[in-house]
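Trainee: one predicted model, sequence on top.
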Amino acid sequence: MSVKFRKLALIGIGLIGSSIALAARRQGLAEVIAISTRKSETLEEARALNLGDIYTLDAVEAVRGADLVILCTPVGAYEGVIKTIAGALEPGAILSDVGSVKAHVVKVVGPHVPEGVSFIPGHPIAGTEHSGPSAGFPELFAGRWCVLTPAADVPAAQVDKLVGFWEAMGSHVECMDAAHHDMVLAITSHIPHLIAYNIVGTVADLETATQSEVIKFSASGFRDFTRIAASDPVMWRDVFLTNKEAVLEMLGRFLEDLSVLQRAVRTGDGPALEAMFARTRAIRRSIISAGQETAAADFGRPHEAPPAPAAPLFVREHGGGDDA
Ligand SMILES: NC(=O)C1=CN([C@@H]2O[C@H](COP(=O)(O)OP(=O)(O)OC[C@H]3O[C@@H](n4cnc5c(N)ncnc54)[C@H](O)[C@@H]3O)[C@@H](O)[C@H]2O)C=CC1
Ligand SMILES: O=C(O)C(=O)Cc1ccc(O)cc1
């Protein structure tokens, strides 16, 4: 479906906002791109990178006349932003976002969305550990999933338009309900980040001599953790503050499984360890053969070819009732 918006407004212009700006311009998806952010230094950086057509510190000015508005700030800033821009949103416009959590976004943004504006929360499952306007690149979304969580009463034509926008930037799009999204992302993204922050923190707390040995001899496993643990502290603080229940639920399961492994190590249960590792090796191989590999190596390297289209992992159609 060919899609073109009159005015695309991006509120927040870091890694994700700048990648959208570059991809949307490359694909001709908007006549005008308006960029708004909180700090003048960031706005000037965006201007120097030529990311858009209009630059303003006033989010109201950015969204006025826009038929697509995408919130690209850390999730904790959403409530303040929506309260500021709600009165300036045009009837018929689509309001979306890119936040890594979705139920919280529905809760804090939803009540402020005016009649006649279609609110379609979104989450591109694509990113890197880098942040800021200069971190973006137009291929970021190519071959990656983008999840949309529209409420049932949002007009289908508006959802189709936003699906067309993400597909034109190279994404595969899946719709699901917000709570289900949060449960799936808790285990596939949020807990892996928590583990990375934790293991790197554990090393940092080791006595100095051991720590320098760890760094000297760090094999790629630990290096991959350090990459993830370098992710933006404010963004990830907001993820854990706003997806608390799903993270705690999945963390409970994770810790149970970890104590099974701990027991197998303590008791020297070789068959149990080997069976577990064989199972996880098979999972990794099936992910690769489905073209869904998003390992460290291909994040943040815009010049590499994106992975081939793949079937979604653990996702299901919009409208189901069970979030487990
Ligand atoms: N970093 C990643 O890999 C991914 C991030 N996301 C989501 O995308 C969103 C943005 O993340 P990034 O682009 O990585 O962050 P970033 O830190 O690179 O950029 C955030 C931008 O928002 C601006 N900002 C902060 N508070 C603001 C406010 N009150 N008003 C206006 N602008 C404000 C900042 O100045 C910055 O320009 C987050 O909600 C995150 O959960 C989604 C997928 C991947
Ligand atoms: O850099 C990585 O490994 C990521 O996992 C990127 C990422 C971060 C947050 C998201 O909501 C989606 C993707």
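Mentor: The structure has been received and is ready for your questions. Ligands and ions are numbered 1, 2, ... in the order given.
Trainee: buried sites along the helix or strand harbouring residue 81?
Mentor: Using DSSP states H and E, residue 81 falls within helix 78-85. For helix 78-85, burial by neighbour count (16 or more other C-beta atoms under 10 Å) applies to 78-79, 81-82, 84-85. To be clear about C-beta, it is placed using only N, CA and C from the backbone, and glycine gets the same treatment.
Trainee: could I have the CA atoms of it written out in PDB?
Mentor: C-alpha atoms of helix 78-85 as PDB (Å, rounded to 0.1, in the frame of the first residue of the first chain):
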ATOM      1  CA  TYR A  78       4.900  10.700  27.600                       C
ATOM      2  CA  GLU A  79       2.300  12.000  30.100                       C
ATOM      3  CA  GLY A  80       3.800  15.500  30.100                       C
ATOM      4  CA  VAL A  81       4.100  15.500  26.300                       C
ATOM      5  CA  ILE A  82       0.500  14.400  25.600                       C
ATOM      6  CA  LYS A  83      -0.900  16.900  28.100                       C
ATOM      7  CA  THR A  84       1.000  19.600  26.200                       C
ATOM      8  CA  ILE A  85       0.100  18.600  22.600                       C
END
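Trainee: number of residues surrounding the spatially closest residue to residue 35 that is not a sequence neighbour?
Mentor: Closest residue in space to residue 35, ignoring its immediate chain neighbours: residue 52 at 4.1 Å, by C-beta to C-beta, 6 or more residues apart in numbering. For residue 52, the count of nearby residues is 26 (other C-beta atoms under 10 Å).
Trainee: residue 52: what's it in contact with?
Mentor: Residues near residue 52 by C-beta atoms under 8 Å, 6 or more residues apart in numbering: 10, 21, 25, 33-35, 46.
Trainee: how does it look with 10 Å?
Mentor: With contacts defined as C-beta atoms under 10 Å, 6 or more residues apart in numbering, residue 52 is in contact with 8-10, 13, 17-18, 21-22, 24-25, 30, 32-36, 46, 62.
Trainee: show me what contacts the closest residue to residue 171 other than its chain neighbours?
Mentor: Of all residues not flanking residue 171 in the chain, residue 146 sits nearest, at 4.1 Å (C-beta to C-beta, 6+ apart). Counting by C-beta under 10 Å, 6+ apart, residue 146 touches 98, 122-126, 162-163, 165-167, 169-174.
Trainee: change it to 6 Å
Mentor: Going by C-beta atoms under 6 Å, 6 or more residues apart in numbering, residue 146 touches 124, 166, 171, 173.
Trainee: is it in a bridge, and if so with what?
Mentor: Beta-bridge partners of residue 146, counted by DSSP bridges, are residue 124, residue 173.
Trainee: before we move on, the earlier item: could you pick out the buried ones from the contacts of residue 52?
Mentor: 8-10, 13, 17-18, 21-22, 24-25, 30, 33-36, 46, 62.
Trainee: for the stretch 151-300 of the chain, which residues are neighbours of ligand 1?
Mentor: Residues of the stretch 151-300 of the chain lying close to ligand 1 (C-beta under 6 Å from any ligand atom) are 232, 235.
Trainee: can you narrow the buried residues of helix 78-85 to ones near ligand 1?
Mentor: Among the buried residues of helix 78-85, the residues within reach of ligand 1 (C-beta under 6 Å from any ligand atom) are residue 81.
Trainee: and of the buried residues of helix 78-85, the nearest to residue 243?
Mentor: Nearest to residue 243 among the buried residues of helix 78-85, counting by C-beta to C-beta, is residue 78 at 13.5 Å.
Trainee: which stretches of the chain have low pLDDT?
Mentor: 1, 291-324 (pLDDT under 70).
Trainee: helices of that one, residue ranges please.
Mentor: Secondary structure of the chain, counting by DSSP state H: helices at 15-27, 40-48, 59-63, 78-85, 103-109, 156-168, 178-185, 191-204, 208-216, 220-229, 233-242, 244-267, 270-289.
Trainee: what's the closest of those helices to residue 137?
Mentor: helix 15-27 (6.0 Å).
Trainee: quick one, domains of the chain?
Mentor: By the assignment in automatic domain parsing, the chain contains the domains 5-176, 180-291.
Trainee: deepest-packed of the ones you listed, please.
Mentor: Highest mean neighbour count among the domains of the chain (mean count of other C-beta atoms under 10 Å): domain 5-176, with a mean of 20.
Trainee: which of the buried residues of helix 78-85 lies closest to ligand 2?
Mentor: For those, the minimum distance to ligand 2 (C-beta to the nearest ligand atom) is 14.5 Å, reached by residue 78.
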